[in-house]
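Peer 1: Got a predicted structure here, sequence first:
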Amino acid sequence: AQRVTQPEKLLSVFKGAPVELKCNYSYSGSPELFWYVQYSRQRLQLLLRHISRESIKGFTADLNKGETSFHLKKPFAQEEDSAMYYCALNRVRGGSEKLVFGKGMKLTVNP
Amino acid sequence: DTGVSQDPRHKITKRGQNVTFRCDPISEHNRLYWYRQTLGQGPEFLTYFQNEAQLEKSRLLSDRFSAERPKGSFSTLEIQRTEQGDSAMYLCASSLVGGNEQYFGPGTRLTVT
């Protein structure tokens, strides 16, 4: 069975501080990993995916197959980064079937 | 707005009543997904369609739940004989086959009293 674990529910930092949102997964195959974000009063939206290896809004995430982790990082947090962040796993590489989500983490960036 | 839309946005019902939710996906998307999200949890998969075919159902989807996508466009999710445990946000998402981004709707918040 697939499982996604986000060990921390809350993270509060000051503007300009580095942030790391942890995500670990369990899956025997080769999954695709994603980070979704939900800003206040907005719908869930894709932030980034591991296969594109891109930086979005200053965030990066590297898939570590040895540690089965996909941690989200940003060197200098901004107030507009305050949101709920969900790590998600798709068991089908290249296609789109069900997503398995972690419980989410609330990031608050203080001025 | 060409995104995924859901109706209603909020529904309050009494225990034992039936409710139906509607989801309109992005027009060219042939896959449509339903998820449920309770407080403090991430979205949990319920079911998904490719065109009008329902390809997978979660064990979370009890006999009281039924979903349809009759013409491969919009979808409905019906809950019969609602229970208080059904109170949740019901999310719909759509995607292209072969695409790996799911686009989410705003959700329908169900409260069962």
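Peer 2: Yes, it's here. Numbers count the residues shown, from 1 in each chain, chains lettered A, B, ... in the order given.
Peer 1: which phi and psi does residue A:27 have?
Peer 2: phi -170, psi 140 (degrees, to the nearest 10).
Peer 1: Need the pLDDT of it.
Peer 2: In this model, residue A:27 is scored at 88, pLDDT.
Peer 1: Could you do residue A:93 as well?
Peer 2: 62.
Peer 1: surely residue B:20 meets residue B:76?
Peer 2: Yes: at 5.5 Å, residue B:20 and residue B:76 qualify as touching, with contact defined as C-beta atoms under 8 Å. (Each C-beta comes from the backbone N, C-alpha and C, glycine too.)
Peer 1: Burial check on the nearest residue to residue A:21 once chain neighbours are set aside, number of neighbours?
Peer 2: Closest residue to residue A:21 in three dimensions, ignoring its sequence neighbours and counting by C-beta to C-beta, 6 or more residues apart in numbering or on different chains: residue A:72, at 4.2 Å. Per other C-beta atoms under 10 Å in any protein chain shown, the neighbour tally for residue A:72 reads 22.
Peer 1: is it true that residue A:72 touches residue A:57?
Peer 2: No: Residue A:72 lies out of contact with residue A:57 (C-beta under 8 Å); the separation is 10.8 Å.
Peer 1: Overlap of the contact sets of the two?
Peer 2: Common neighbours of residue A:72 and residue A:57 (criterion: C-beta atoms under 8 Å, 6 or more residues apart in numbering or on different chains): residue A:47.
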